[in-house]
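Colleague: Structure for this input, please:
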Amino acid sequence: MKNQLNNSSVVPLADPTYSRVREKLREDIVSGYFSGGTRLKIAELVNRYGVSQMPIREALQQLQGEGLIVIEPNKGAHVRQIDQSFLENMYDIRQLIEVYLTVRSLRNFQPRDIKELETLHSKYVKAANKSDFNQCLTLNKQFHSVIYKLADNPEGQQILEKHWQLINTLRLTFGYSTERIQKVILEHQDIITAIKDNDPIALEMAAKNHCINAKMDLILKL
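Modeller: Numbering: from 1, shown residues only. Alright, predicted model coming up:
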């Protein structure tokens, strides 16, 4: 895998902000351009992305928060290995928080919130039938964000949010299995049904099943 930089690899960014650098750097790590263990030197990243040092440093800090990059004093930054162990650890933590927030949200659901979930679910089904995976990723995040917001625990939601872009980038790189797309439809429906029935036990089981299946599918694709 490529991890050396040269002038021909410069990819200027139209908007030189840390967020755009972060997105591109994340893509380069997930795609394998920067393999696990690669040192990320500021000067080389400046050359590659055509921006100043400040957005590079900010992007590195953001990706450290996602777990993709390790920054050590006096040693700089290097890429963490993205392997089965990394994904399992990330998803295991997500599962604990996701299930908790999903069940906690139940007490705050109103009819309008259920209607919003059903609308997003319907849009997801249409996107899935068209094999529009980008739209599926967007709608899936919107679906769960409705639930997490109602849990009224912004700290827990923030932990989940920091992984969304990483997961979506992994999905765009490695893809979805057709079977997984269809399972997501069924799993979302189970979540909606449990919410409408005001059944915390069924909701906990549905949320847990959803997390486990997502983890296993991504590990298989990786």
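
Colleague: Dump stretch 169-178 to PDB, restricted to CA.
Modeller: Below are the C-alpha coordinates for stretch 169-178, written out as PDB (Å, rounded to 0.1, in the frame of the first residue of the first chain):
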ATOM      1  CA  THR A 169     -16.300   6.000   5.300                       C
ATOM      2  CA  LEU A 170     -15.700   2.400   6.100                       C
ATOM      3  CA  ARG A 171     -19.000   1.500   4.500                       C
ATOM      4  CA  LEU A 172     -18.400   3.600   1.400                       C
ATOM      5  CA  THR A 173     -14.900   1.900   1.000                       C
ATOM      6  CA  PHE A 174     -15.800  -1.700   1.700                       C
ATOM      7  CA  GLY A 175     -19.500  -1.600   0.800                       C
ATOM      8  CA  TYR A 176     -22.700  -3.200   2.100                       C
ATOM      9  CA  SER A 177     -23.800  -6.800   1.400                       C
ATOM     10  CA  THR A 178     -27.200  -6.900  -0.200                       C
END
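
Colleague: Return the set of buried residues in it.
Modeller: By neighbour count on 16 or more other CB atoms under 10 Å, the buried set for stretch 169-178 is Thr169, Leu170, Arg171, Thr173, Phe174, Tyr176. Heads up, the C-betas are built off the backbone N, CA and C, glycines and all.

Colleague: can you list those in JSON lines and add secondary structure?
Modeller: Compiled in JSON lines, those are given as follows (DSSP: H, G, I helix; E, B strand; the rest coil):
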{"residue": "Thr169", "secondary structure": "helix"}
{"residue": "Leu170", "secondary structure": "helix"}
{"residue": "Arg171", "secondary structure": "helix"}
{"residue": "Thr173", "secondary structure": "helix"}
{"residue": "Phe174", "secondary structure": "helix"}
{"residue": "Tyr176", "secondary structure": "coil"}
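
Colleague: Need the residues you listed in TSV (columns: pLDDT and distance to Ala194).
Modeller: Written out in TSV, the entries for the buried residues of stretch 169-178 read as follows (pLDDT from 0 to 100; distance: CB to CB, whole Å):
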residue	pLDDT	distance to Ala194
Thr169	81	30
Leu170	85	28
Arg171	85	25
Thr173	81	32
Phe174	82	30
Tyr176	76	24
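
Colleague: export those residues to TSV and tack on distance to Val46?
Modeller: Shown next, in TSV, are the buried residues of stretch 169-178 (distance: CB to CB, whole Å):
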residue	distance to Val46
Thr169	22
Leu170	26
Arg171	29
Thr173	25
Phe174	29
Tyr176	35
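
Colleague: Closest to Arg20 out of the residues you listed?
Modeller: Closest to Arg20 out of the buried residues of stretch 169-178 is Thr169 (13.8 Å), distances taken as CB to CB.

Colleague: List the contacts of that closest one.
Modeller: Taking CB atoms under 8 Å, 6 or more residues apart in numbering as the contact definition, Thr169 lies against Arg26, Glu27, Val30.

Colleague: Secondary structure element for the closest residue to Asn153 other than its chain neighbours, which one?
Modeller: Distances taken as CB to CB, 6 or more residues apart in numbering place Leu101 nearest to Asn153, at 6.0 Å, with adjacent residues excluded. If you go by DSSP states H and E, Leu101 is part of helix 84-105.

Colleague: Cool, thanks, signing off.
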